[in-house]
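# predicted model follows, preceded by the sequence.
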Amino acid sequence: MACATLTIDLDALIANWRALDAMTACETAAVVKADSYGLGAARVARALARAGCRRFFVALAEEGAALRAELGPGPEIMVFSGHMAGDTDMIGDCDLVPMLNSIDQMLRHVEALPGAPFGVQLDSGMNRLGMEAAEWTALRDIAMGQDIRLIMSHLACADGPEHDMNRVQLRNFRAMTDGLSAPRSLSATGGILLGPAYHFDLTRPGIGLYGGRPFDEAQPVVNLSLPVIQVRDVEPGETVGYGNTWTAEAPARIATVAAGYADGIHRAMGPRTALYHGAAPCPIRGRISMDLIGVDITALDEEPTALSLLTPQQGVDVLADNAGTIGYEILTSLGNRYTRHYRGG
Ligand SMILES: *Cc1c(COP(=O)(O)O)cnc(C)c1O
């Protein structure tokens, strides 16, 4: 088999959702945008729904429509990008709840789908998405008279508990929402860890479900196994891969695996990264190619048929550090060429 295998442990995913839920006294939703950070929104969301999750967030109405077909009626599906031009049919037909981000979106929504539910996203300082305080003041009384399901905002620096920005945004969010009767949400994974003042009525974890920082106690969810195509011996002085960046100093055995940067394995991680045979690390040798990687298996006493890139000892955040990026980018870059296997759930 020349196809790499991405194994997603749905039991670990559910355990992570339950562990994050147990840290708060409020409801815990799940963020499944970008195909559940690359892991497959259909299977991930269905497993979480069976475990008791009643609310899901996606980035786009298209993602929400696809998710509704998987989940059926019942669970609430909320759309971060709100109600964009062209979204009306999906929002109405698939029973999506747009998080309205501006006066324009609010007008579009109430005119196109009078009486339909919605949420509101407020900007509390990140300057990315959501109504500013002045816009919200102008709309608040109208919005509160309708079927408003949630008022939310998003923290810019929640992965740094000491960052002053957290307290600034908390203060701004409260100033815009204290005394209103709608449920409120401020926290994603990072905010959950900041403590009860940040929890309000609902939290919205994404990365923590999938085993990433800043939820350090997360169980690993993903394993990525790459098939070995060929094994060769190299003599001292011989080189491996493009640009001759690695030269053997002693006799070595090199396995070539069938995956590369076209599959989301960033070239930059090469020099610091190993593939694993069980618990044994096998360093990458030479540059990562588009579809191939050279791996040093000299230390093994058998010839492996596959080697693992993502393992319990080398998770998404280790790879992210090795590549100079974040776990979110590692997960969402994992290519569509992998066969996905799901365990448990
Ligand atoms: C992506 C996102 C989340 C989830 O964030 P994590 O850091 O992955 O937990 C929550 N809320 C909003 C608005 C988001 O864009």
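Happy to help now that I have it. Only a predicted model underlies this, so the values are computations on that prediction, with no experimental measurement involved. Residues are numbered from 1 along each chain as shown.
# please make it C-alpha for all contacts and neighbour counts, starting now.
Fine.
# from Val295, how far off is Tyr276?
Between Tyr276 and Val295 the computed distance is 10 Å (CA to CA, to the nearest Å).
# what sits in contact with each of those two?
Contact criterion CA atoms under 8 Å, 6 or more residues apart in numbering; residues shared by Tyr276 and Val295: Cys282.
# tell me which of the two has more neighbours.
More crowded of Tyr276 and Val295, by other CA atoms under 10 Å: Val295, with 26 against 22.
# the more buried one touches Ile254, doesn't it?
Yes: the pair Val295 and Ile254 qualifies as a contact (CA atoms under 8 Å) at a distance of 5.4 Å.
# contacting residues around Ala30?
Trp17, Ala45, Leu48, Cys53, Arg55, Phe56, Phe57, Arg204, Pro205, Gly206, Leu209.
# my bad, should have said Thr311
Per CA under 8 Å, 6+ apart, neighbours of Thr311: Pro220, Val222, Asn223, Leu224, Tyr276.
# for the first one, what is the enclosing helix or strand?
Yep, that's Pro220 we're talking about. Using DSSP states H and E, Pro220 maps to neither a helix nor a strand.
# that one and the ligand, how far apart?
To the ligand, Pro220 is 15 Å away according to CA to the nearest ligand atom, to the nearest Å.
# for the last one, same thing?
Applying CA to the nearest ligand atom, the value for Tyr276 to the ligand is 27 Å.
# same question, Glu235
Taking CA to the nearest ligand atom, one finds Glu235 at 46 Å from the ligand.
# wasn't Arg46 part of a helix?
Yes: if the criterion is DSSP: H, G, I helix; E, B strand; the rest coil, then Arg46 is within a helix.
# tell me how many other residues surround the nearest residue to it once chain neighbours are set aside.
Taking CA to CA, 6 or more residues apart in numbering, and ignoring the residues beside it in sequence, Arg46 has Leu71 as its nearest neighbour in space, at 6.3 Å. Neighbour count of Leu71, defined by other CA under 10 Å: 18.
# what of Ser225?
Counted with other CA under 10 Å, Ser225 comes out at 25.
# re earlier: inside strands: which ones of the contacts of Ala30?
Residues of these located in strands (DSSP state E): Arg55, Phe56, Phe57.
# most surrounded residue in those?
Phe57 (26 neighbours).
# could I get the contacting residues of it?
Ala29, Ala30, Val31, Val32, Lys33, Ile77, Met78, Val79, Phe80, Arg204.
# I'd like the distance between the fifth one and the ligand.
As for Lys33, its distance to the ligand is 7 Å (criterion: CA to the nearest ligand atom).
# quick one: that residue and Glu62 touch, right?
No: applying CA under 8 Å as the test, Lys33 and Glu62 come out as separate, 10.4 Å apart.
# between those two, which is the more surrounded one?
Lys33 (21 against 15).
# contact partners for that one?
Lys33 neighbours (CA under 8 Å, 6+ apart): Ala41, Phe57, Val58, Ala59, Leu60, Glu63.
# the closest residue to the first one other than its chain neighbours: neighbour count?
This points to Ala41. If the residues on either side of it in the chain are set aside, Ala41 comes closest to Asp35, at 4.5 Å by CA to CA, 6+ apart. Neighbour count of Asp35, defined by other CA under 10 Å: 20.
# surely Asp35 is in a strand?
No: Asp35 is assigned helix when assessed by three-state DSSP, not a strand.
# residue closest to the middle of the protein?
Tyr37 (3.5 Å; CA atoms, centre = their mean).
# can you get me a residue count around Leu300?
13.
# around the ligand, which positions in this protein sit nearby?
Val31, His154, Ala188, Thr189, Arg204, Pro205, Gly206, Ile207, Gly208 (CA under 6 Å from any ligand atom).
# dump those residues into JSON lines; add neighbour count as well.
Formatted as JSON lines, these follow (neighbours: other CA atoms under 10 Å):
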{"residue": "Val31", "neighbour count": "27"}
{"residue": "His154", "neighbour count": "26"}
{"residue": "Ala188", "neighbour count": "26"}
{"residue": "Thr189", "neighbour count": "23"}
{"residue": "Arg204", "neighbour count": "27"}
{"residue": "Pro205", "neighbour count": "26"}
{"residue": "Gly206", "neighbour count": "22"}
{"residue": "Ile207", "neighbour count": "23"}
{"residue": "Gly208", "neighbour count": "27"}
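# got the domain boundaries for the protein?
10-210, 222-343 (automatic domain parsing).
# now these as CSV including mean pLDDT?
Compiled in CSV, these are given as follows (pLDDT from 0 to 100):
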stretch, mean pLDDT
domain 10-210, 98
domain 222-343, 97
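# which of those domains sits closest to Cys3?
In terms of CA to CA, the element of those nearest to Cys3 is domain 222-343, at 6.3 Å.
# would you say Gln121 is within a helix?
No: with three-state DSSP as the criterion, Gln121 is assigned strand and is not in a helix.
# that one against Ile148, yeah?
No: counting by CA under 8 Å, Gln121 sits too far from Ile148 to count as a contact (11.3 Å).
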